[in-house]
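Visitor: here is my input; please provide its structure:
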Amino acid sequence: FLLSIITPMSSTLPSIEDCSICQSFWNDASSMISETEKHVFLVSMVDGTLKDENFQYYVIQDALYLKDFADCLHRLSKNDGISAEDSKRLEEFAIGASEAEMSLHNSFFKEWNIQANAEHATSMPNTLLYTSNMIRVVTTRSHAEGLASLL
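Guide: Modelled structure (predicted):
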């Protein structure tokens with residue numbers, strides 16, 4: 001989606017060349033993907049050995065990230081010079097991040113009987129660094145750079 005905002009839109013299916021470019025991206029990233037799939041956090045989450053407190057920490061940090069991610073999408077949707085269609089799509093993605101994605105997180109919070117909003121949860125250093133950079137780029141750089149910071 002985000003790449004489509006940066007590049008011209010086409011109402012036709014992707015060309016063979018576009019598909020081969022996508023495949024080349026996947027091929028170039030395959031070693032990184034392979035390493036990521038072996039990360040102890042992901043492996044333990046999949047095999048059911050991840051400690052509850054580690055998963056809770058992750059979900060809380062992810063919820064805080066999603067709040068800022070949705071805000072960035074909303075800000076990008078208001079940029080001058082983008083089409084009404086692109087603005088609408090960005091706003092829809094912002095709403096999706098705010099509502100649909102958070103509904104899953106909120107179901108965990110209810111189950112755990114915790115509140116994970118700005119008043120009750122704190123972004124840890126890595127989350128804060130990541131989201132602060134996203135917000136900084138979205139608010140101070142070009143539209144394309146703002147989109148790229150969300151990828």
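Visitor: would you map the helices across this protein?
Guide: Per DSSP state H, the chain carries helices over the ranges 2-6, 16-37, 40-47, 52-77, 84-95, 102-112, 125-140, 143-150.
Visitor: dump those helices to a markdown table, plus mean pLDDT and mean neighbour count.
Guide: Where C-beta positions appear, they are placed from N, C-alpha and C, glycine not excepted. What follows is the helices of the chain, written out as a markdown table (pLDDT from 0 to 100; neighbours: other CB atoms under 10 Å):
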| stretch | mean pLDDT | mean neighbour count |
| --- | --- | --- |
| helix 2-6 | 43 | 15 |
| helix 16-37 | 84 | 10 |
| helix 40-47 | 94 | 11 |
| helix 52-77 | 92 | 18 |
| helix 84-95 | 94 | 16 |
| helix 102-112 | 84 | 14 |
| helix 125-140 | 96 | 14 |
| helix 143-150 | 95 | 17 |
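Visitor: so Tyr130 sits against Tyr65, correct?
Guide: Yes - counting by CB atoms under 8 Å, Tyr65 is a contact partner of Tyr130 at 7.0 Å.
Visitor: name the nearest residue to Gln56, ignoring sequence neighbours.
Guide: The spatially closest residue to Gln56, leaving aside those adjacent along the chain, is Trp112, at 6.1 Å (CB to CB, 6 or more residues apart in numbering).
Visitor: and the one you found, how far from Lys51?
Guide: As judged by CB to CB, to the nearest Å, Trp112 and Lys51 stand 13 Å apart.
Visitor: now do Val137
Guide: 34 Å.
Visitor: next: Val40.
Guide: According to CB to CB, Val40 stands 12 Å off from Lys51.
Visitor: next: Leu90.
Guide: Applying CB to CB, the value for Leu90 to Lys51 is 37 Å.
Visitor: cool, and Asp28?
Guide: On the measure of CB to CB, Asp28 and Lys51 end up 34 Å apart.
Visitor: same question, Ser83
Guide: Look at Ser83 and Lys51: by CB to CB, they are 47 Å apart.
Visitor: got it, and Ser103?
Guide: 24 Å.
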